[in-house]
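**Student:** This is a predicted model, with the sequence first.
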Amino acid sequence: MDIDVLLLNILFILLPLFLIYMIFSLLPTMGSTYKRGIITVFSLFSIIMCMQYTIELADGFYFDLRTIPFTITVLYAGYKVGFWVLLGTLLYRFSLGGDGFVVSLILYTAIFIIVAMISRKFYQYSLKVKLLLPIFMMVFFHLIMLFNYTLNLQLDFLLSLSEWVMLASIVILGILFVTLLIEFLIKISRIQEELIQTEKLRVTSELSASISHEVKNPLTVARGFVQLLMEDKVPVEKQKTYFSMVIQELDRANHILSDYLTFSKPKMEQVEKLNLTTELKKVIELIRPLATMKGIELNVSIEDTGFINGDKVKFHQCMLNVLKNSVEAMEQGGWLEVKTKRHKNKCEITVKDNGIGMTPDEVNRLGTPYYSTKDQGTGLGMMVAFSIIKAMEGTILIHSEYGKGTEMIFTLPLTHKEIQESK
C-alpha cells in the first residue's frame, strides 16, 4: 500500500478542519449561511483531493479516504450542507467516468440518508455514542462494498478477507481520530466562550460596585447642599452657589452613568456614513474652551480623509473622552496635536500631547476596568473610547513616555465606496 498517498489523504482531511476552525474563531459573528457555505467548500475540497490521490489495490479497484470527510460533514453540518456536498461529490465522480459511478451513486446516497437522519440529534449524544456512530457507518459502508463486489465477482480472488479488514480498519481509525479532533476543537471553543462570559460577568460585577460607589459620592454632596438650602435665612449669594454645586454634582453622576451605559452597550445603534474631517472638527471645537482655559495650545492638522461608518453620537463621545483626557494630563499647560492621515482603505487619527505621560505598565492597563491615572477618575472615559473604536472595527496604538507625553493612533476603516474610489 502506498503510504505517501494515504498520508496525503489524511492531510487533505485535517487541513480543511483546522482552516474552518480558524475562520470561525477569527469571525465569531459570521452568519450561519456563510458558515454553511465555507463548510461546503472545504468539505468538497477535502473529498475531491482524496479522490484525486487514490491507491490502486487491484485492477480497477481504487482506495481512498473520501468517506471520512463526507460522513463527518453530514453528521456535524447537517443534511442541508450534506446535500450539496453529496451533489458535488457525485458530479465530480461522474466527470471521472468509469463503471463505478452507479455504485458510488447508490452507496453515497444511502450513507447520506442514514447519516442525515442521525445528524439531527447527533449533538445531544454523549462522546461515546458520537465515536461509535461513525464507526458503525464505516463498517456498514464497507460491508455494502464487499457485498457488491462479491456479488459481481469483481474482486473474488483479488482481495482477501484480511485485506478488506485492513482497509476497513484504516478508515475506522481515521474517522475515529477526526471525530475526536472535532470534539476537542468544539470543547476548546466552548471553554473560550465560557471564559469570555466569566470575564464579562467579573468586569460587570466590579464595574457595578465601582459605579455604585462613584454615583453615591456626588449624590451625597448634592444632598448635603440641598439640606443647607432648607435652612432658614440662607443668603441669596450662597443659595446660588449651593444650587450651582448641586447641578454640578448631578451632572457628574449623570456623566458617570452615561459612560457606564455606553461601555455596557458599545454597539453602534444608528450607523451612518460620517465625514471624518467634519465630525472631528466639531469635537475639537467642543474641547477648545477647556484647552484655552488651561493654557494649552491646540495644533490641528486635519486633511480630507474620506468617510467612515459609525454612530455619530458615540464617535463624538469617544474622541471627546480622548481629547479631554489629554487636556487634563497637562496641569501646567502645554500643547495638544490632532492630525489625520489616509492609508489606502483606512484612516488614522493621531492625538499627541506633552503631558505627564505614562509608564509601560500604565499603558498596558489603560482602557481596562476601573483604571485611571487621575486621582478622581473612574477610568470609564478611556474604557468607553476603547469599546467604541472596537465596535467601529478600528484599532488603537499607544506610545507614551513618563514625563514626556503620550501619542495615541486610532485606525478606522473607510466606507466601501471610499475604498472603491481610491482604486
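**Tutor:** Yep, it's here. Numbers count the residues shown, from 1 in each chain.
**Student:** Paired strands for the helix or strand harbouring Lys352, with orientation please.
**Tutor:** Element membership for Lys352, per DSSP states H and E: strand 346-353. Strand 346-353 pairs in its sheet with strand 334-343 (antiparallel), strand 405-413 (antiparallel), by DSSP bridges.
**Student:** Please save the CA atoms from the helix or strand following it in CSV.
**Tutor:** Next along the chain after strand 346-353, taking DSSP H and E as the criterion, comes helix 360-365. Extracted in CSV, the C-alpha atoms of helix 360-365 (Å, rounded to 0.1, in the frame of the first residue of the first chain):
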residue,chain,number,x,y,z
PRO,A,360,4.7,50.9,30.2
ASP,A,361,2.6,49.3,32.9
GLU,A,362,0.1,52.2,32.9
VAL,A,363,-0.1,52.0,29.1
ASN,A,364,-1.0,48.2,29.3
ARG,A,365,-3.7,48.9,31.9
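**Student:** let's have the chain start at 833 instead
**Tutor:** Fine by me, first position is 833 from now on; the one you just mentioned is helix 1192-1197.
**Student:** so the helix or strand that helix 1192-1197 is followed by versus strand 1237-1245, what angle?
**Tutor:** The first helix or strand that comes after helix 1192-1197 along the chain, using DSSP H and E, is helix 1212-1223. Counting by axes from the mean of the first three to the mean of the last three Cα atoms, to 10 degrees, helix 1212-1223 points 30 degrees away from the direction of strand 1237-1245.
**Student:** So what touches stretch 946-960?
**Tutor:** 903, 906-911, 914, 962, 965, 969, 972, 1015 (Cβ atoms under 8 Å, 6 or more residues apart in numbering). Backbone N, C-alpha and C define where each C-beta goes, glycine included.
**Student:** repeat that for 6 Å
**Tutor:** Residues from elsewhere that reach stretch 946-960, judged by Cβ atoms under 6 Å, 6 or more residues apart in numbering: Thr903, Val906, Leu907, Gly910, Tyr911, Gly914.
**Student:** Tell me the secondary structure at the residue of the chain most remote from its centre.
**Tutor:** Computed with Cα atoms, centre = their mean, the residue of the chain farthest from its C-alpha average is Lys1065, at 62.5 Å. Recorded secondary structure, Lys1065: coil (DSSP: H, G, I helix; E, B strand; the rest coil).
**Student:** before we move on, back to that, in strands only, show me the contacts of stretch 946-960.
**Tutor:** Among the contacts of stretch 946-960, no member falls in strands (DSSP state E).
**Student:** Sitting in helices, which of these do you find?
**Tutor:** Thr903, Val906, Leu907, Tyr911, Gly914 (DSSP state H).
**Student:** okay, these in CSV with neighbour count next?
**Tutor:** Below are those laid out as CSV (neighbours: other Cβ atoms under 10 Å):
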residue, neighbour count
Thr903, 26
Val906, 28
Leu907, 22
Tyr911, 15
Gly914, 25
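**Student:** Among the residues you listed, list the two that are farthest apart in space.
**Tutor:** Between any two of the ones in helices among the contacts of stretch 946-960, the greatest separation by Cβ to Cβ is 12.8 Å, found for Thr903 and Tyr911.
**Student:** pLDDT score for Ile845?
**Tutor:** Among the per-residue scores, Ile845 holds a pLDDT of 92.
**Student:** Hmm, I typed the wrong one, I wanted Thr1182.
**Tutor:** 93.
**Student:** Wait, it touches Thr1243, no?
**Tutor:** No - contact between Thr1182 and Thr1243 fails when scored by Cβ atoms under 6 Å: they sit 9.9 Å apart.
**Student:** and after the one helix or strand Ile1079 maps to, which helix or strand comes next?
**Tutor:** Assigned by DSSP H and E, Ile1079 belongs to helix 1068-1096. Heading C-terminal from helix 1068-1096, the first helix or strand you meet, by DSSP H and E, is strand 1103-1107.
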